[in-house]
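Asker: After the sequence you'll find the predicted model.
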Amino acid sequence: MARPHTMSEIDTQSLESPPPGGGVSDARLVEAVRKGDHDAFGELVKRYEGRLMSVLLRFVRDRELARDLSQETFLRVYERIEQFDPSRRFGPWLFRIGVNLGLDYMRKRKRRLWPLLFSESRSETPPDPSSSDPRQQLDLEQEVRHVLEGIPEHYRTVLVLRDLENFSTSEIAAILNRKEATIRWRLAEARTKFKQIWTRRQAERKPGDLVIPLPGSEESDHDVDE
Amino acid sequence: MWMNNCRKYRADLALLAGNDLDAVTRLEVERHIVTCPECRAHWQELQSSHQALEQSRGTAVVASSETNSVWVDVQRQIRVVDERSRRGSWRGWLPAVAMTAACLAIVLITSDILRESTTPPEFTQQPAYSPGTPVSFPTSAQPTIVPAGAEELVPERLGEDRPRRRSNRVERLSNGPYRGF
């Protein structure tokens, strides 16, 4: 029952891991920024921009928009750097600002952007070369998107951060400013709800319909051929 | 068959699907799955849906090499923020400074006016009178000319010694047909 390691899991860097440069810690960089060191802030931006954009892209599903929101996030972080508590971790604080921006944006465009999760900017997303048939991946993503639409936002946010962005539950607790027990409860609820909707949708498919195969599973090729 | 404690394991099963359980709880839940067919079926569905969710996440991840750094744009905006905050700090003080200057001006002006109105006119010290010394009068002050013998004059009260003059109407009434009433 060990959790499989995916590419995204390997690529994404934990907020608790040491900085990739092996150099200055976040806390020291923040201290330098407070003293007016712009280069220190540039180091923080470069350290977190990739993952921040990835998270924002999960919410808004538009690369340009995710880029704009990440810029706005860093700008707000810079403006509020004096309010940051140095005894806490910088990463969750930054992601809290970013996630709140993303959620606010989504709420403003409710029912217009959530349906675009996993679907918008499709042309900009190159197909996964490891997948034998890109259509399988697209169908799977579309189906997952429909299922996610049926989950309330506070569950969905936890599910996206944990299972799609691979944050730990303690990191999600820090990002969403909730207790870890609350996050774990929400995560369990979210997975259960996702399972219920997913199972129902799979069962409602007509016998002749294409069953969404899981890439890598043995029956996937057989189902597609049918 | 649904056991009473299955409800307790349902949340743990969902967490187990994402490998979010500690080792002790995990062993306990796995033992329960073996003994409970309902929970085993639930667990299999959870595994299937969770696998689908994990498989769908690959393409949305933004590799850092694909994106241009946002630092250039952020840096430009930071300069604007710094400039604005510098100007903002001045602007923040500006009303207070203006108000203070206005108050000072008012105080200065009013104090000048008050000083002018309360200062007594300057008198030149006149030399003590001594007989034989000609008395000089200030040229600006007009001497009051008092005619000789004026101290004997008694001010005459207006109309006191003159006969009172009746008005035409009173005259008519007193001389008319109603005389004697």
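Answerer: Sure thing, it's come through.

Asker: show me where chain A has helices.
Answerer: For chain A, the helices defined by DSSP state H occupy A:7-11, A:26-34, A:38-60, A:63-79, A:90-108, A:134-149, A:153-159, A:169-176, A:180-204, A:218-225.

Asker: Same question for chain B.
Answerer: B:6-17, B:23-35, B:37-55, B:71-118, B:168-175.

Asker: which one of these has the lowest average pLDDT?
Answerer: Among the helices of chain B, helix B:168-175 carries the lowest mean pLDDT, a mean of 67.

Asker: So for stretch A:25-45, what gets flagged as buried?
Answerer: Residues A:Asp26, A:Leu29, A:Val30, A:Ala32, A:Val33, A:His38, A:Ala40, A:Phe41, A:Gly42, A:Glu43, A:Leu44, A:Val45 are the ones in stretch A:25-45 that count as buried (16 or more other C-beta atoms under 10 Å in any protein chain shown). Every C-beta, even on glycine, is put in place using the N, C-alpha and C of the backbone.

Asker: Run the chain-centre distance for that stretch.
Answerer: 25 Å (C-alpha atoms, centre = their mean, to the nearest Å).

Asker: domain assignment for chain B?
Answerer: Here the domain parsing of chain B from automatic domain parsing is B:6-55, B:70-116.

Asker: now do chain A
Answerer: According to automatic domain parsing, the ranges for chain A are A:21-114, A:132-208.

Asker: Is there contact, residue-wise, from the first one to chain B?
Answerer: Yep, that's domain A:21-114 we're talking about. Yes - residues of domain A:21-114 are located near chain B by C-beta under 8 Å from any C-beta of the partner chain, namely A:38, A:41-42, A:45-46, A:49-50, A:53-54, A:57-58, A:61, A:63, A:66-67, A:70-71, A:74-75, A:78-79.

Asker: Filter these down to just the buried residues.
Answerer: Using 16+ other C-beta under 10 Å, the buried ones in those are A:38, A:41-42, A:45, A:49-50, A:53-54, A:57-58, A:61, A:63, A:66-67, A:70-71, A:74-75, A:78.

Asker: Quick check: A:Thr157 touching A:Arg96?
Answerer: No - applying C-beta atoms under 8 Å as the test, A:Thr157 and A:Arg96 come out as separate, 11.6 Å apart.

Asker: which residues are common contacts for the two?
Answerer: A:Leu176 (C-beta atoms under 8 Å, 6 or more residues apart in numbering or on different chains).

Asker: out of those two, which sits in the busier spot?
Answerer: A:Thr157 (22 against 15; other C-beta atoms under 10 Å in any protein chain shown).

Asker: before we move on, the earlier item: what's the closest of the helices of chain B to A:Val147?
Answerer: helix B:37-55 (7.9 Å; C-beta to C-beta).

Asker: That closest one vs helix A:180-204, what angle?
Answerer: With axes from the mean of the first three to the mean of the last three C-alpha atoms, to 10 degrees as the basis, helix B:37-55 and helix A:180-204 are set at 90 degrees to each other.

Asker: is helix B:37-55 up against chain A anywhere?
Answerer: Yes - under the criterion of C-beta under 8 Å from any C-beta, chain A is reached by helix B:37-55 at B:Glu45, B:Leu46, B:Ser48, B:Ser49, B:His50, B:Gln51, B:Ala52, B:Leu53, B:Glu54, B:Gln55.

Asker: Now that helix: buried residues?
Answerer: B:39, B:42-43, B:45-46, B:48-55.

Asker: hang on, A:Gln71 packs against B:Trp71?
Answerer: No - assessed by C-beta under 8 Å, A:Gln71 is found out of contact with B:Trp71, at 9.5 Å.

Asker: Rebuild the domains of chain A as TSV, extending it with mean pLDDT and distance to B:Cys103.
Answerer: Below are these laid out as TSV (pLDDT from 0 to 100; distance: least, C-beta to C-beta, whole Å):
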stretch	mean pLDDT	distance to B:Cys103
domain A:21-114	88	33
domain A:132-208	88	47
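
Asker: can you put these in a markdown table and add distance to B:Asn168?
Answerer: What follows is those, written out as a markdown table (distance: least, C-beta to C-beta, whole Å):
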| stretch | distance to B:Asn168 |
| --- | --- |
| domain A:21-114 | 96 |
| domain A:132-208 | 104 |
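
Asker: Looking at the ones you listed, which is nearest to B:Ala14?
Answerer: Per C-beta to C-beta, nearest to B:Ala14 of the domains of chain A: domain A:132-208, 3.9 Å.

Asker: got a list of what A:Arg109 touches?
Answerer: Contacts of A:Arg109 (C-beta under 8 Å, 6+ apart): none.

Asker: Next, give phi and psi for it.
Answerer: Backbone geometry at A:Arg109, expressed as degrees, to the nearest 10, gives phi -110, psi 40.

Asker: Quick check: it vs chain B, distance?
Answerer: Distance, A:Arg109 to chain B, by C-beta to the nearest C-beta, to the nearest Å: 18 Å.

Asker: Look up how far A:Thr73 lies from that residue.
Answerer: Using C-beta to C-beta, to the nearest Å, A:Arg109 is found at 18 Å from A:Thr73.

Asker: can you check A:Glu49 too?
Answerer: Going from A:Glu49 to A:Thr73 by C-beta to C-beta gives 9 Å.

Asker: Quick one: closest of the helices of chain A to B:Val80.
Answerer: Closest among the helices of chain A, once you apply C-beta to C-beta, is helix A:63-79, at 9.4 Å.

Asker: For A:Glu189, find the nearest of the helices of chain B.
Answerer: So among these, helix B:6-17 is nearest, using C-beta to C-beta, at 7.5 Å.

Asker: elements contacting the closest one?
Answerer: Counting contacts by 3 or more C-beta pairs under 8 Å, 6 or more residues apart in numbering or on different chains; DSSP states H and E, helix B:6-17 is packed against helix A:180-204, helix B:23-35, helix B:37-55.

Asker: Identify whichever of those lies nearest to B:Gln77.
Answerer: That would be helix A:180-204 among the helices and strands packed on helix B:6-17, by C-beta to C-beta, at 32.6 Å.

Asker: Report the angle between the closest one and helix A:134-149.
Answerer: 120 degrees.
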